[in-house]
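Student: Need a 3D model of the sequence below.
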Amino acid sequence: MSQTLILARILLSVVLVLPLAGCWTYRANSDAKQTKLIKLPKRSENVALVMDADYREYAKKDRGHAIADPQTYELGESLTQLTETYFAAVFPSVLSVRDWEELDSETDVDLIVTMGVEHFDNDLDLFVLGATRQHFTIHLDAVVSTSDRVRVGTFRGQVKETREDSGMFWETSDSVEYTLGLAIQEALSRLLVALDDGIPK
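Tutor: Purely as a prediction, here's the structure:
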């Protein structure tokens, strides 16, 4: 058997086995960047922040590429903590609840904000020697209503964050988690700026 044929079979085996090589789970970093928080607008309303189970436990399986390892991205815990932190930096009082049923006529709020993840995507570019470029796209939506349940509008924060790996043949999970956290924070920043622009003070 020729060396060329042997090499071709080895390469084919690597391509077929690579997707099964491992299964990775990444949890988005939830450490808020103070430099982002201090740049947020300031408002005077008291807010009820509705984050349901889908938001608080948001996770998605997404390889990002046909031959990449199976990957699960757990964003829910970071989404919950960072959303509370970012809204608290804008509004004087933030009441975090899981659903509208926790709110009644005695709840002292001016606005009710219902959060949701409209879209999350992982896109992976593979290069020679294991080098990668990874893009995370996230769209967050906030449906805002008055205290008497009159809808004011829907505001979105969307962002695409990119990380690069030089290709040393191992996963840099901290970098993945850190980049995910940055994406969430930038999406929240843009959402809150859009909300501030769209609702008269």
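
Student: contacts, neighbours, all on C-alpha from now
Tutor: OK.

Student: Ser96 and Arg133, how far apart?
Tutor: Look at Ser96 and Arg133: by C-alpha to C-alpha, to the nearest Å, they are 36 Å apart.

Student: meant to ask about Asn46, not that
Tutor: Computed as C-alpha to C-alpha, the Asn46 to Arg133 distance reads 41 Å.

Student: More neighbours: these two, which one.
Tutor: Neighbour count, other C-alpha atoms under 10 Å: between Asn46 and Arg133, Asn46 has more, with 18 against 15.

Student: Look up which residues are beta-bridged to the more buried one.
Tutor: Taking DSSP bridges as the rule, Asn46 bridges to Ser93.

Student: Quick one: name whatever helix or strand follows the helix or strand of the chain with the lowest mean pLDDT.
Tutor: Counting by mean pLDDT, DSSP states H and E, the chain has its least confident helix or strand at helix 3-17, which shows a mean of 44. Using DSSP states H and E, the helix or strand that follows helix 3-17 towards the C-terminus is strand 24-27.

Student: Please point out which parts of whichever helix or strand comes after that following strand sit buried.
Tutor: Reading on from strand 24-27 to the C-terminus, the next helix or strand found by DSSP H and E is helix 34-37. For helix 34-37, a neighbour-count test (16 or more other C-alpha atoms under 10 Å) marks Leu37 as buried.

Student: One more: stretch 91-108?
Tutor: When burial is assessed from 16+ other C-alpha under 10 Å, stretch 91-108 yields the following buried residues: 93-96, 98, 103.

Student: end to end, how far does it reach?
Tutor: End-to-end distance of stretch 91-108 (C-alpha to C-alpha): 14 Å.

Student: now what about that stretch, what contacts it?
Tutor: Counting contacts by C-alpha atoms under 8 Å, 6 or more residues apart in numbering, the residues outside stretch 91-108 that touch it are 42-53, 84, 87-88.

Student: Which two among the buried residues of stretch 91-108 are spaced furthest apart?
Tutor: Using C-alpha to C-alpha, the buried residues of stretch 91-108 span at most 16.6 Å, a distance reached by Ser93 and Arg98.

Student: tell me the contacts of Ala32?
Tutor: Remark: with contacts taken as C-alpha under 8 Å, 6+ apart, Ala32 is in contact with 82, 85, 185.
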